[in-house]
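Enquirer: Output the structure for:
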Amino acid sequence: MSDGPHILIATGGSGGHLYPAFAVADEIERRWPGCEVRLTTGDRPIEADICRSAGRIATRLPLVPSSKARRHPLRFLKGLWAARREANHLIADIHADCVVGAGGLAMSPVIQAALGRRIPVVLLEQNAIAGRATRWFARRASAICSSFERLEPRLKTARIEQTGNPVRASIAKLFAESRPEGGHLLVLGGSQGARALNEALAWIAQHQPAILVEHEIVHQTGGTESARELEAVYHSVGLRARVAPFIDDVAPLYSRASLLIARAGATTLAEAACAGVPAILVPYPFARDRHQHANAAVFEQAGAARVIEQTGNTEGDGRHLARVVEELLQSNGPREQMSRGMRSLARPDAARHVVDVIERAIATPI
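Expert: This is a model prediction of the structure:
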C-alpha cells in the first residue's frame, strides 16, 4: 500500500478534458509524494495518443461514443455497464479515497461506481455552461471546481468552488513571462482540429495572402490529410507555415505567438490566458448548449478576444476572418490591450486550488 491518498481521475473525450486531468495528477503527486494516482479514459485512439504523448498510463474503459447511442443503443448501454464494472474493480483495487471527474461522458461510469461506494467525488467543470455529466452528478458530488466565475446553471445543490481550469505546468509558467513584440500566427482547432478554421485560413492564403506574408503561421489541423493539403496551399503562395495534425508541446508556441485563432474550448482559453495571447475566437456552432459561445463571451467581455460567428459559408467566413486578422496584425496597440485582458482571466494556480478541494473532500465524511 502506497503512502498518501489514493485518487482515481476519470477523464476522456478530448484534450480539453485530458490535459486538466494531467495537471491535477501532477499536482497531487507533487503534494503527496508516495501517493497513488490512477487515470481512466474512454477507448478512442485520440485519447490513447494524448496519454502516450504526456507520458501517462490510463485504464481505457470500453465506452461507445455518445454520438453512436441512437444508432446503436444496445451497444452503448452495454459499454456503460462494462465500464462501470471495470471502474468498480479499479476503485476497490486501489482503495480509492477520492474520485475526480474531469468531464465528459467517459467519467460517468466511474463517478457512478464511486457514489455507489460512498467515496467522495470532486467534479471539474471546464466550461461556462455545465455539461450533462456535471449536471447529473452535481447533487451528490462533494464539490464542483468551476473554471468560470459564473457557472450556468448554478447547480445550487452542489458546493461550487471557483478554482480555474488546471493547465500544464509548462503553460502555467508563461503567466510570469513577458510577451514578445512580434511572433507567429498560431491556429489551433483543438485536439481534433476544426475543418471550418482550416478552410477559412486556406481561403485567406489563396485570396488575400498579403495579410499573412509578414508572419510565420503555425497551424494545428487535426488530421494528417488536412495537414498535407493546407501545407501545400500555404507554400504554393509563398507563405511561411508549419502545419501539423496535432501539437503536444504548445507552451513554446503560445509564448511566441502574436495572435491566436481558435475555437472557444475552455482549456484552450485557460492556456491562452496564462500566456496572455490575444485571440480571435470562432466558437463551434454545434456544441451542446452553445457552451463555446458562453466561454467566448466571457473573454470578449474582458477585452481579451474578438469573436467571429461561423456561418458555414467558406468565402464569407474567410473574408470576415481576414478583416479581423488584418486589423489586429497591423498594430501592436490593440493586441497589447487584449493581452492584458487575457492575463486578467488567467488562473495559473488552478491545479493547486483543485487539489485543495480534493484534500477537503477526503477529510470530510459523506
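Enquirer: I'd like the next helix or strand past the strand or helix carrying residue 198.
Expert: Element membership for residue 198, per DSSP states H and E: helix 195-207. Downstream of helix 195-207, the first helix or strand assigned by DSSP H and E is strand 217-220.
Enquirer: any idea of the mean pLDDT for that next one?
Expert: Per-residue pLDDT over strand 217-220 has a mean of 96.
Enquirer: Equivalent analysis for stretch 319-329, please.
Expert: Confidence over stretch 319-329 (mean pLDDT, whole number) is 96.
Enquirer: Would you mark the buried spots in it?
Expert: For stretch 319-329, the neighbour count (16 or more other C-beta atoms under 10 Å) marks 320-322, 325, 328-329 as buried. Glycine gets a C-beta too; all of them are placed from N, C-alpha and C.
Enquirer: Could you do stretch 194-202 as well?
Expert: In terms of neighbour count (16+ other C-beta under 10 Å), stretch 194-202 has its buried residues at 194, 196-202.
Enquirer: May I see the residues you listed organised as JSON lines, with pLDDT added?
Expert: Below are those laid out as JSON lines (pLDDT from 0 to 100):
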{"residue": "194", "pLDDT": "86"}
{"residue": "196", "pLDDT": "93"}
{"residue": "197", "pLDDT": "95"}
{"residue": "198", "pLDDT": "95"}
{"residue": "199", "pLDDT": "95"}
{"residue": "200", "pLDDT": "96"}
{"residue": "201", "pLDDT": "96"}
{"residue": "202", "pLDDT": "96"}
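Enquirer: Let me know the closest of those to residue 135.
Expert: Taking C-beta to C-beta as the measure, residue 135 lies nearest residue 194 of these, at 26.0 Å.
Enquirer: the longest helix in the chain is where?
Expert: What stands out as the longest helix in the chain, according to DSSP state H, is helix 73-94.
Enquirer: buried ones in it?
Expert: 76, 79-80, 83-84, 86-88, 90-91, 94.
Enquirer: Kindly report the same for stretch 172-187.
Expert: Buried, per 16+ other C-beta under 10 Å, within stretch 172-187: 172, 174-175, 179, 183-187.
Enquirer: tell me the mean pLDDT over stretch 45-63?
Expert: For stretch 45-63, the mean pLDDT works out to 92.
Enquirer: Equivalent analysis for stretch 249-261, please.
Expert: Averaging pLDDT along stretch 249-261 gives 95.
Enquirer: Keeping just the C-alphas, turn that stretch into PDB.
Expert: Written as PDB, here are the backbone C-alpha positions of stretch 249-261 (Å, rounded to 0.1, in the frame of the first residue of the first chain):
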ATOM      1  CA  ASP A 249       4.200  20.800 -26.700                       C
ATOM      2  CA  VAL A 250       2.200  24.000 -27.200                       C
ATOM      3  CA  ALA A 251       3.900  26.100 -24.500                       C
ATOM      4  CA  PRO A 252       6.700  27.500 -26.700                       C
ATOM      5  CA  LEU A 253       4.100  28.300 -29.400                       C
ATOM      6  CA  TYR A 254       1.900  30.200 -27.000                       C
ATOM      7  CA  SER A 255       5.000  32.000 -25.700                       C
ATOM      8  CA  ARG A 256       6.000  33.300 -29.200                       C
ATOM      9  CA  ALA A 257       2.500  33.900 -30.700                       C
ATOM     10  CA  SER A 258       1.400  37.400 -31.700                       C
ATOM     11  CA  LEU A 259      -2.200  36.200 -32.300                       C
ATOM     12  CA  LEU A 260      -4.200  33.100 -31.700                       C
ATOM     13  CA  ILE A 261      -7.100  31.900 -33.900                       C
END
